[in-house]
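only geometry, no sequence info:
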Ligand code: HEM
C-alpha cells in the first residue's frame with residue numbers, strides 16, 4: 001500500500017488518539033469544517049479517534065472523486081446502530097455498496113420515472129392550496145402548516161394516503177418521529193456500538209446493555225409503521241395510485257414486499273428535508289422583499305391573477321426557479337450531505353487516500369466556492385440566470401446548478417421530485433401571499449435574523465429557527481381559497 005509514500009491531504013494537527021475531536025464544536029460543526037477547508041484547501045484531512053476523514057470543499061474536487069471516480073467513492077461508512085440494527089440493512093441511504101444498494105436504487109428509479117413524477121403534480125398542487133387555506137385561517141401557525149404540506153406530499157405520492165391535520169393523522173407524526181430517531185442515531189458517537197461494533201453481540205439482559213432494548217423497540221416501531229403504510233398503499237391503490245402501490249403490482253421494482261416496505265420507509269423520512277427548504281424559502285422572502293416583489297411581477301405577468309400557478313408554468317418562470325435554486329445554495333439542508341467511503345486505495349492531486357476512508361462533501365463550503373458562486377454570502381437568484389434572464393443550463397435537466405442533493409452513485413434519487421414539490425410550494429406562495437416582516441411594539445419592521453447560527457444543527461435537516469412574519473393574502477386570492485376543500489378527518 002502507498003508504494004510512492006505519498007502524504008495524506010493536509011489538515012489541522014490534532015491530539016494523540018482524539019485527533020481533532022475536541023476542536024469540533026457540538027453545534028454547526030460545518031462552520032468549523034469550512035474554516036479548515038479555507039485554511040488547508042478543498043481536499044483536507046482531519047482525524048477522529050484514530051480514523052482519517054477527508055473533507056471536500058469545492059464542486060470540482062467533489063465531482064472528481066464522487067462522480068468521475070464513483071467506482072471507488074460510493075460506499076458508506078459502517079453505521080452499526082442506525083443502518084444494521086435499526087434499519088436491518090434495508091435503509092438505502094446508509095447501506096454499504098453492493099447488491100442491496102444497487103437493487104434498491106434501481107427500484108426507486110423505476111418508481112420515480114418522469115411519468116410518475118408528473119402524476120404527482122396534482123397532489124403537490126392540491127396540497128400547496130390546502131397550505132394557503134390553512135395560512136389564511138391561522139397565519140401564525142405557518143410552520144405547522146409547512147410541516148403538514150411536506151408530510152401530505154410524501155405520504156400522498158408514496159402511499160396514496162391523504163393527510164388530514166398533522167396532529168390527527170395516523171402516519172404524519174410517526175414518520176417525523178422515526179426520521180428524528182434515525183437521524184440522531186447517525187450522529188458520530190451517538191451510540192457506543194458504532195465505535196465498538198462487538199457490543200451488538202452482548203445479550204440485552206446484561207447490565208449496561210440497555211441500549212439494545214431501546215434499539216429493539218425503535219426497530220420494531222419502524223417495522224410496524226412501514227408495514228402499516230404499505231398496507232394503506234394497497235388499500236388506496238384504486239383511488240390514488242402511488243409509488244408503493246405500483247411497486248406492489250407483480251413485483252415491478254424487482255424487490256420483495258418487505259424490501260419495498262423499507263424503501264418506502266426510507267423515503268417517508270424525507271418530509272423534514274422538504275420542510276427545511278420550504279421554510280428557508282419563506283425566510284429569504286421575508287428578509288429580501290425586493291426579490292419577492294420581482295418574482296411576484298413575473299408570476300402575475302405569466303400566470304395572471306385568474307388561476308393558481310401549475311407545474312406547466314415553470315418553463316416560463318425562470319426567476320421563481322432561480323429563487324428556489326438560490327435558497328438551496330444559500331442554506332443547504334444537509335450542510336455535510338451524507339458521508340461516502342472509499343473501497344480502494346487512491347491517489348488524488350499527489351495525495352494518498354487509503355481504502356476505507358470516510359469522505360465528506362461539505363455542501364456548505366461547496367456552495368460558497370467564490371470561483372463558482374461569486375459573492376457567496378449574498379442571496380442572488382440572478383446567479384442562476386443568463387444575461388437574458390433565462391435559466392442557465394436547462395437543456396440538461398439534471399444540472400440544477402447547485403449540489404444540495406449530493407453526488408455520484410449516491411446522489412439523492414428523489415432530487416427531481418423534491419425540487420418539484422418545493423418549486424410548487426414557492427410558486428403558490430408568491431402568487432397568493434405577501435410574506436412581510438413582523439412589526440415590533442413601535443410598529444417598526446423586524447429584520448429577520450438569517451445568520452448561519454439562526455438555523456438548527458444536529459442530526460436532522462438544518463432548518464431556520466422559528467421566526468415571525470406577517471403572511472397576508474394578495475388581492476383577489478380569498479375567493480380562490482373558498483373552493484379548496486379541506487381533507488376530512490379519518
Ligand atoms: C429537499 C429535499 C431533499 C434533500 C435536500 C435531499 C438530500 C439528499 C442528500 C444530500 C443525499 C446524500 C447524497 C450523497 O450521499 O452524495 C440524499 C440521499 C437520498 N435521498 Fe434525498 N433529499 C431530499 C429529498 C428526498 C426525497 C423526496 C426522496 C425520495 C422520494 C429522497 C430519497 C433519498 C434516498 C433514497 C437517498 C439515499 C441514496 C443512496 O445512498 O444511494 N430524498 N438526499
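The structure has been received and is ready for your questions. Note that this is a predicted model, so its numbers are computed, not measured. Numbering: from 1, shown residues only.

which parts of stretch 71-78 are buried?
For stretch 71-78, burial by neighbour count (16 or more other C-beta atoms under 10 Å) applies to 72, 73, 74, 75, 76, 77. For every residue, glycine as well, the C-beta is placed using N, CA and C.

got the contact list for the second one?
I take that to be residue 73. Residues in contact with residue 73, defined by C-beta atoms under 8 Å, 6 or more residues apart in numbering, are 65, 66, 340, 341, 342, 343, 359, 408.

where's it relative to the ligand, distance?
As judged by C-beta to the nearest ligand atom, to the nearest Å, residue 73 and the ligand stand 9 Å apart.

circling back: the ligand next: which of the contacts of residue 73 are close?
Filtering these for neighbours of the ligand using C-beta under 6 Å from any ligand atom leaves residue 340.

Tell me the buried residues in the helix or strand hosting residue 128?
Assigning secondary structure by DSSP states H and E places residue 128 in helix 114-137. Buried residues in helix 114-137, counted by 16+ other C-beta under 10 Å: 116-117, 120-121, 123-136.

rewinding a little: show me which of the contacts of residue 73 is closest to residue 486.
Of all the contacts of residue 73, the one sitting nearest residue 486 is residue 408; the distance, using C-beta to C-beta, is 42.4 Å.

In three-state terms, how would residue 434 be classified?
For residue 434, the secondary-structure state derived from DSSP: H, G, I helix; E, B strand; the rest coil is strand.

Please verify my assumption that it contacts residue 474.
Yes. Contact between residue 434 and residue 474 holds when scored by C-beta atoms under 8 Å: they sit 5.8 Å apart.

Comparing the two, which residue is more hemmed in?
Remark: of residue 434 and residue 474, residue 434 carries more neighbours, 19 against 15, as counted by other C-beta atoms under 10 Å.

Now do the same contact list for the closest residue to residue 138 other than its chain neighbours.
Here the nearest residue to residue 138 in space, its sequence neighbours aside, is residue 145; by C-beta to C-beta, 6 or more residues apart in numbering that works out to 7.7 Å. For residue 145, the contact set (C-beta under 8 Å, 6+ apart) comprises 131, 134, 135, 138.

can I get those in TSV with distance to residue 272?
Formatted as TSV, the entries for the contacts of residue 145 read as follows, by distance: C-beta to C-beta, whole Å:
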residue	distance to residue 272
131	16
134	19
135	20
138	22
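
Show the average pLDDT along whichever helix or strand the residue nearest to residue 138 is part of.
Assigned by DSSP H and E, residue 145 belongs to helix 142-159. If you average the pLDDT over helix 142-159, you get 97.

Can you list the buried residues in it?
Neighbour-count burial for helix 142-159 [16+ other C-beta under 10 Å]: 142-143, 145-159.

so the closest residue to the ligand within the stretch 151-300 of the chain, which of the three states?
With distances taken as C-beta to the nearest ligand atom, the stretch 151-300 of the chain approaches the ligand most closely at residue 273, which sits 3.5 Å away. Recorded secondary structure, residue 273: helix (three-state DSSP).

The ligand contacts on the chain?
Taking C-beta under 6 Å from any ligand atom as the measure of proximity, the chain contacts the ligand at 92-93, 105, 108, 266-267, 270, 273-274, 277, 333-334, 337-338, 340, 404-407, 410-414, 417-418.

Buried ones only from these, please, as a PyMOL command.
Selection of the buried residues among those in PyMOL, burial being defined by 16+ other C-beta under 10 Å:
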select buried, resi 92+93+105+108+266+267+270+273+274+277+333+334+337+340+404+405+406+407+410+411+412+413+414+417+418
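
Contact partners for residue 100?
Residue 100 sits in contact with 89, 90, 92, 259, where contact means C-beta under 8 Å, 6+ apart.

so the second one, which of the three states?
This means residue 90. Look at residue 90: counting by three-state DSSP, its state is coil.

Surely it and residue 259 touch.
Yes. Under the criterion of C-beta under 8 Å, residue 90 lies in contact with residue 259, with a separation of 6.1 Å.

ok, the closest residue to residue 296 other than its chain neighbours - contacts?
Here the nearest residue to residue 296 in space, its sequence neighbours aside, is residue 430; by C-beta to C-beta, 6+ apart that works out to 5.5 Å. By C-beta under 8 Å, 6+ apart, residue 430 lies in contact with 285, 292, 295, 296, 299, 320.

which element is whichever residue of the stretch 51-200 of the chain sits closest to the ligand on?
The nearest approach of the stretch 51-200 of the chain to the ligand comes at residue 93, 3.4 Å away (C-beta to the nearest ligand atom). In this structure, residue 93 is located outside every helix and strand according to DSSP H and E.

likewise residue 470?
Assessed by DSSP H and E, residue 470 sits inside strand 469-473.

residues in contact with that strand?
Outside of strand 469-473, the residues that reach it under the criterion C-beta under 8 Å, 6+ apart are 135-136, 139, 142, 282, 286, 432-439, 448, 481.
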